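1. Please find the sequence and the predicted model below.
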Amino acid sequence: MIATDRSLQLVGEACSGSEALQGAVATAPDVLVLDICMPGLNGFEVARSFLAAHPRSAVVFLTVLDDQVLLRRAAESGVAGFVLKRSATDHLVSAIQIVAAGGSYVDSTLGAAGPPAIQAGRSATRRSALDRLAERIAALWRRRT
């Protein structure tokens, strides 16, 4: 779906969580599309690590799991989009475009627990990543002087 849409550019694919993280950190895509369940690292682990390295990027989960608890956990991990595989043909490209523009997207079948929860979780994750970066810069500056 991504490769056939002219508005998007597919920059990589992976078969495991660790492979996805390694490729994503190396290529720094604007939007990283992940499954929650992957061999090795799961989607939550990959999302947190990737967003810590690239806080201006966004993550979309593409999953069969339609659980409100997972949606909240995704939001807490900084994930900006949550698309169910059963509706991916209709919604994945839109979700990618929306989160790339700074918005959030939750599959409509998940109901009211959508964008506010995702946006709040995403903002908190970005703040914590920026706080860690600021602390690291301050530590390096102190070492330098």
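-> Sure thing, it's come through. Numbers count the residues shown, from 1 in each chain.

2. Tell me, how many residues neighbour the spatially closest residue to L51 that is not a sequence neighbour?
-> Nearest residue to L51, sequence neighbours excluded (Cβ to Cβ, 6 or more residues apart in numbering): G78, at 4.5 Å. For glycine as for every other residue, the C-beta is placed from the backbone atoms N, C-alpha and C. Neighbour count for G78, taken as other Cβ atoms under 10 Å: 26.

3. Select the longest strand from this structure.
-> Ordering each strand of the chain by length in residues (DSSP state E) puts strand 58-63 first.

4. Which strands or helices does that strand pack on?
-> strand 31-34, helix 43-53, strand 81-84, helix 88-100 (3 or more Cβ pairs under 8 Å, 6 or more residues apart in numbering; DSSP states H and E).

5. other SSEs contacting the first one?
-> Using 3+ Cβ pairs under 8 Å, 6+ apart as the contact criterion, the elements in contact with strand 31-34 are helix 17-27, helix 43-53, strand 58-63, helix 88-100.

6. Kindly report the same for the second one.
-> Other helices and strands packing on helix 43-53, by 3+ Cβ pairs under 8 Å, 6+ apart, are helix 17-27, strand 31-34, strand 58-63, helix 68-76, helix 115-144.

7. Pull the number of nearby residues for the spatially closest residue to G102 that is not a sequence neighbour.
-> Among residues not flanking G102 along the chain, A58 sits closest, at 8.0 Å (Cβ to Cβ, 6+ apart). A58 has 30 neighbours, counted by other Cβ under 10 Å.

8. hang on, A58 packs against I98?
-> No - the criterion here is Cβ atoms under 8 Å, and A58 misses it with I98 at 9.2 Å.

9. confidence score at the closest residue in space to S87 that isn't next to it in sequence?
-> Nearest residue to S87, sequence neighbours excluded (Cβ to Cβ, 6+ apart): D107, at 5.8 Å. Predicted confidence (pLDDT) for D107: 84.

10. so who does D107 touch?
-> D66, F82, V83, L84, S87, H91 (Cβ atoms under 8 Å, 6 or more residues apart in numbering).

11. Pick out the residue nearest the middle of the chain.
-> V59 (1.6 Å; Cα atoms, centre = their mean).
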